[in-house]
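Engineer: Build me a model from this:
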Amino acid sequence: MNKRQIRKIVILGGGTAGWMTAAAVANRLPSQFYQIVLVESEQIGTVGVGESTIPHIRQFNETLGIDEAEFVRETNATFKLGIQFKHWGKSGESYIHPFGEVGELTNGIDFHHYWLKAKSLGLTDSLDQYSFLAQAALEQKFPEKAQLKGEKFSQYAYSYHIDATAYAGFLRKYAQNKGVTRIEGQVEQVCNSDKGDIESLVLQNGQRIYGDLFIDCSGFRALLIDDNLKVEFEDWTHWLPVNSAMVAQTELTEAVYPMTIATAHKAGWAWKIPLQHRMGNGFVYDNHFMSDDEAGHLFSQHLNTKPINEPRILRFKTGVRSKLWHQNCIAIGLSGGFLEPLESTSIYLIQLGIFKFLELFPHLEDMSAEQAEYNRIMQHSYQTIRDFIILHYHLNQKSDSEFWQRQQQMSLPESLQTRLAAFKESGRVELGQFGVWSAVCIGQNLIPKRYDARLDWLADSELMKFLSIQKQQIEGAKTKLPTAAEYIKNLMKQGR
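Structural biologist: A predicted model of the protein is given here:
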């Protein structure tokens with residue numbers, strides 16, 4: 001007997017999650033066979049502050065065939081080479097977590113092991129001095145592929161800072177051009193079948209929208225996965241306790257730098273994200289340790305420049321659904337889980353949820369195998385990012401803040417304990433970490449006890465020569481680079 005096929009997909013909610021989903025699904029599924037409907041209401045706002053991204057967004061845009069110059073122009077985007085963390089280890093210190101590896105993998109040995117051995121011999125350079133991207137970011141430059149063609153640094157990772165609201169609007173046009181139907185309205189009732197699947201949505205105007213599969217992009221409200229299907233939310237606030245953020249946009253009065261800046265304060269941290277036309281600002285804090293009034297006062301000092309809009313407060317809870325795919329409903333974005341924006345992973349998790357759904361696209365009659373695999377992958381991804389964010393907090397060395405001292409002393413997830421123990425002892429990191437662990441751990445003064453034993457056979461003089469050449473190559477390549485602002489200006493000319 002032939003299994004009944006999915007023919008109509010209903011997406012509840014617009015914003016970044018909804019329109020990314022609509023655009024990607026419409027790009028993959030032919031419109032002559034599939035009907036895609038997105039339901040949203042102009043009266044319901046979106047969070048709209050996910051402005052900093054990681055390099056995976058480039059894969060998303062490329063998969064959809066989006067031209068980079070058009071994307072940068074339409075979203076007022078700037079380029080990002082990593083994140084600068086200020087005061088996260090000790091007050092007054094800073095380091096950069098760049099995209100990609102720090103240094104280069106040589107003879108199968110991660111570069112930080114060469115640095116560790118050199119440090120034991122008296123080297124005083126910081127690890128990020130050996131990152132081409134970190135050094136370019138500090139000088140507000142951006143790599144020009146044409147100028148670096150054929151050279152050592154011609155292949156590099158980068159991402160964007162974007163206007164998230166503009167990105168959603170950009171993808172809305174894309175999706176509607178691909179045949180997605182947008183319906184304006186608010187959901188009054190969700191109707192389920194006898195089997196527990198969602199059968200239809202009833203809007204306030206009485207319109208009923210039937211579907212075969214429903215995607216919940218309704219944000220923190222989680223109207224389908226929570227209100228209707230009652231899927232449990234796993235609370236992670238005992239590990240990631242910050243629960244509030246003030247956000248505001250200000251005039252852009254300084255040069256565009258190609259990195260996000262994350263500055264620790266006494267009960268959390270604050271961000272600055274430069275776009276072409278304005279600065280995005282946020283102040284993240286735990287309201288058990290800092291009142292809204294105190295946060296507002298400190299936020300105003302952080303802004304420095306004239307606000308474009310009034311600061312607003314967002315409340316949130318870190319955690320994830322026990323299942324992101326349950327019955328015939330998939331939660332994508334904030335409805336499925338939330339991890340604070342420290343490592344700019346919100347849009348990545350949306351993208352991952354979309355792509356894994358499309359990879360596991362199911363029959364309607366029996367989705368159990370696909371559901372199990374989807375939930376396994378997504379849970380693992382959320383947990384891995386959770387552990388990485390906890391790492392930043394746990395490795396602080398502050399002695400003047402009750403908030404930060406609690407982070408030093410808290411119990412850690414077993415998965416993080418295992419990774420952390422391996423790095424502390426011998427600098428080992430899991431394959432596929434792409435330098436992120438070494439950059440953050442060493443940047444926050446966690447220096448492994450030992451370097452890779454294979455380097456005992458490398459003469460000290462050869463090691464120091466190797467490191468000297470690395471720095472010379474970075475310095476030589478940097479001289480060829482335009483500023484980030486110049487790069488954007490030139491790209492805009494090409495894109496017209």
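
Engineer: so who does Pro274 touch?
Structural biologist: Shown in contact with Pro274 (C-beta atoms under 8 Å, 6 or more residues apart in numbering): Thr78, His161, Leu252, Glu254, Val256, Tyr257, Gly280. C-beta: built from backbone N, CA, C; applies to glycine.

Engineer: let me redo that: Thr237
Structural biologist: Asn243, Lys317, Thr318, Gly319.

Engineer: So which of these is the closest to Ser346?
Structural biologist: Of all those, Ser346 sits closest to Thr318, with 11.8 Å by C-beta to C-beta.

Engineer: Excluding sequence neighbours, find me the nearest residue to the closest one.
Structural biologist: In this structure, Thr318 finds its nearest non-sequential neighbour in Leu240, 4.1 Å apart by C-beta to C-beta, 6 or more residues apart in numbering.

Engineer: Could you check which helix or strand contains that neighbour?
Structural biologist: Per DSSP states H and E: Leu240 is located in neither a helix nor a strand.

Engineer: my read: it touches Lys317, true?
Structural biologist: No: using C-beta atoms under 8 Å, Leu240 is not in contact with Lys317, being 9.3 Å away.

Engineer: how about the strands of the stretch 1-150 of the chain, start to end?
Structural biologist: Along the stretch 1-150 of the chain, the segments classed as strands by DSSP state E, counting those that start in this stretch run 8-12, 35-40, 78-80, 82-86, 94-98.

Engineer: Tell me the strands beside the third one, with direction?
Structural biologist: In the sheet containing strand 78-80, its partner strands are strand 159-161 (antiparallel), by DSSP bridges.

Engineer: Now the element after the strand it pairs with, going C-ward?
Structural biologist: helix 164-177.

Engineer: in the helix or strand that that following helix is followed by, what's buried?
Structural biologist: For helix 164-177, the following helix or strand on the C-terminal side (DSSP H and E) is strand 181-184. Buried residues in strand 181-184, counted by 16 or more other C-beta atoms under 10 Å: Arg182.

Engineer: C-terminal to strand 181-184, what's the next element?
Structural biologist: Remark: after strand 181-184, the chain's next helix or strand is strand 187-192, criterion DSSP H and E.

Engineer: And for that next one, what's in contact with it?
Structural biologist: Outside strand 187-192, the residues touching it (C-beta under 8 Å, 6+ apart) are 12, 39, 198-204, 208, 223-224, 227-228.

Engineer: Format those as CSV; extra columns: secondary structure.
Structural biologist: Below are the contacts of strand 187-192 laid out as CSV (DSSP: H, G, I helix; E, B strand; the rest coil):
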residue, secondary structure
Leu12, strand
Val39, strand
Ile198, strand
Glu199, strand
Ser200, strand
Leu201, strand
Val202, strand
Leu203, strand
Gln204, coil
Arg208, strand
Leu223, helix
Leu224, helix
Asp227, helix
Asn228, helix
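
Engineer: which residues of the chain score low on pLDDT?
Structural biologist: Confidence mapping of the chain against pLDDT under 70 gives the ranges 1-3, 45-50, 146-151, 154, 431-435, 495-496.

Engineer: Name the single longest helix found in it.
Structural biologist: helix 368-394 (DSSP state H).

Engineer: buried ones in that one?
Structural biologist: 370-371, 374-375, 377-379, 381-394.

Engineer: cool, and stretch 483-496?
Structural biologist: In stretch 483-496, residues buried by neighbour count (16+ other C-beta under 10 Å) are Thr483, Ala484, Ala485, Tyr487, Ile488, Leu491.

Engineer: With secondary structure and distance to Leu467 as extra columns, can I get these in JSON lines?
Structural biologist: Formatted as JSON lines, the buried residues of stretch 483-496 follow (DSSP: H, G, I helix; E, B strand; the rest coil; distance: C-beta to C-beta, whole Å):
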{"residue": "Thr483", "secondary structure": "strand", "distance to Leu467": "28"}
{"residue": "Ala484", "secondary structure": "helix", "distance to Leu467": "27"}
{"residue": "Ala485", "secondary structure": "helix", "distance to Leu467": "32"}
{"residue": "Tyr487", "secondary structure": "helix", "distance to Leu467": "29"}
{"residue": "Ile488", "secondary structure": "helix", "distance to Leu467": "33"}
{"residue": "Leu491", "secondary structure": "helix", "distance to Leu467": "34"}
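
Engineer: from these, which is closest to Val436?
Structural biologist: Checking the buried residues of stretch 483-496 against Val436 with C-beta to C-beta, the nearest one is Ala484 at 22.1 Å.
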